[in-house]
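Colleague: Build me a structure from this.
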Amino acid sequence: MPFFYYYDWSYLLLVLPALIFSIWASSRVNSTFRTYSQMRTCRGMTGADAARAVLAANGVSGVRIEHVAGNLTDHYDPKSNVIRLSDSVYAASTPAAIGVAAHEAGHAVQYAQDYGPIKFRAAIVKATNIGSRLSMPLILIGILCMALPMFAALSDFFYYVAVFGVLCFGMCVVFQLVTLPTEYNASRRALKAIESSNLLTAEEQKGAKKVLSAAALTYVAALAVSLTQFLRLLMIVGRRRRN
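Modeller: As a prediction, the model looks like this:
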């Protein structure tokens with residue numbers, strides 16, 4: 001973490017509350033998942049079965065469903081067209097497993113149906129990765145060179161170098177912002193398919209919904225962290241410019 005994070009109250013006022021929210025959201029999704037992983041479903045359907053059912057309900061075929069090691073490492077890989085489900089989801093017959101598996105199948109449906117936000121998110125992944133790697137070096141170079149007397153004649157140039165670094169970081173904010181509707185939409189698709197296909201009882205559906213709602217908060221938290229960091233970096237660069 002850059003040195004200027006330790007000497008500015010804006011970190012405590014902006015970023016720290018967002019980080020605390022992020023930690024709380026992560027803890028909540030884990031505890032909610034554990035709670036509804038202890039409840040067995042009446043129909044005995046596994047996470048893998050649920051993913052297949054959601055795909056079938058939406059007329060989507062050709063998507064493979066595989067097991068992946070780890071805890072809550074579930075994801076849909078659009079490049080390979082594969083839904084990968086973790087240890088606690090793939091063969092588990094719980095409301096938590098059904099909810100998570102159906103959610104990942106919802107992402108596969110989004111791609112199959114050309115859902116706009118997820119297509120846009122996929123299109124900016126490379127730019128976001130490049131921007132996140134360049135942002136801090138550019139900001140540091142710009143700020144440090146603005147402070148050195150030998151570069152006084154180039155202070156405007158290095159100011160814009162720092163600003164460009166902040167804009168590169170802004171790609172992370174855009175990515176997180178676009179992620180929100182894709183995740184909420186995948187959860188809505190999952191819950192709709194669960195209900196229409198009778199994958200869970202009414203009581204079990206409440207558990208799956210709570211798991212997906214808790215998971216959605218982690219994406220809200222990620223956006224909050226990115227946005228507050230972006231605003232703070234803008235403030236730092238602006239102060240260095242004035243100084």
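Colleague: Nearest residue to the middle of the protein?
Modeller: Relative to the mean C-alpha position of the chain, the nearest C-alpha, by CA atoms, centre = their mean, is the one of residue 219, at 4.7 Å.
Colleague: pLDDT value on it, please?
Modeller: Note for residue 219: predicted pLDDT of 96.
Colleague: in this protein, which ranges drop under the pLDDT threshold?
Modeller: Within the chain, the stretches with pLDDT under 70 are 1-8, 241-243.
Colleague: one more time with 50, if that's ok
Modeller: 1-6 (pLDDT under 50).
Colleague: Tell me which stretches of it form strands.
Modeller: 64-67, 75-77, 82-85 (DSSP state E).
Colleague: Tell me which of the ones you listed sits most buried.
Modeller: Ranked by mean neighbour count, the strands of the chain are led by strand 82-85 with a mean of 22 (mean count of other CB atoms under 10 Å). C-beta here means a position set from N, CA and C on the backbone, and glycine is covered the same way.
Colleague: what residues does it touch?
Modeller: By CB atoms under 8 Å, 6 or more residues apart in numbering, the surrounding residues in contact with strand 82-85 are 47-48, 51, 63-68, 73-77, 100-101, 104-105, 107-108.
Colleague: Dump that strand to CSV, keeping only the CA atoms.
Modeller: Extracted in CSV, the C-alpha atoms of strand 82-85 (Å, rounded to 0.1, in the frame of the first residue of the first chain):
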residue,chain,number,x,y,z
VAL,A,82,-18.4,-24.3,-18.0
ILE,A,83,-20.1,-23.9,-14.7
ARG,A,84,-17.7,-24.9,-11.9
LEU,A,85,-19.2,-25.8,-8.6
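Colleague: Within the sheet, what are the partner strands of that strand, with directions?
Modeller: Strand 82-85 has these partner strands in its sheet, going by DSSP bridges: strand 64-67 (parallel), strand 75-77 (antiparallel).
Colleague: Quick check: the gap between residue 77 and residue 176.
Modeller: Per CB to CB, to the nearest Å, residue 77 is found 20 Å from residue 176.
Colleague: what sits up against stretch 232-243?
Modeller: With CB under 8 Å, 6+ apart, stretch 232-243 has contacts from 4, 8, 10-11, 14-15, 135, 139, 142-143, 146-147, 159, 162-163, 165-166, 169.
Colleague: I meant to write stretch 153-170 there.
Modeller: 130-132, 134-143, 145-146, 151, 229-230, 233-234, 237, 240-241.
Colleague: Buried ones among those?
Modeller: Neighbour counting with 16 or more other CB atoms under 10 Å marks 131, 134-135, 138-140, 142-143, 145-146, 229-230, 233-234, 237, 240-241 as buried within the contacts of stretch 153-170.
Colleague: Which of the residues you listed fall in helices?
Modeller: In this view, the buried ones among the contacts of stretch 153-170 that belong to helices under DSSP state H are 131, 134-135, 138-140, 142-143, 145-146, 229-230, 233-234, 237, 240-241.
Colleague: Residue 148 - how many residues pack around it?
Modeller: Residues near residue 148, counting by other CB atoms under 10 Å, number 11.
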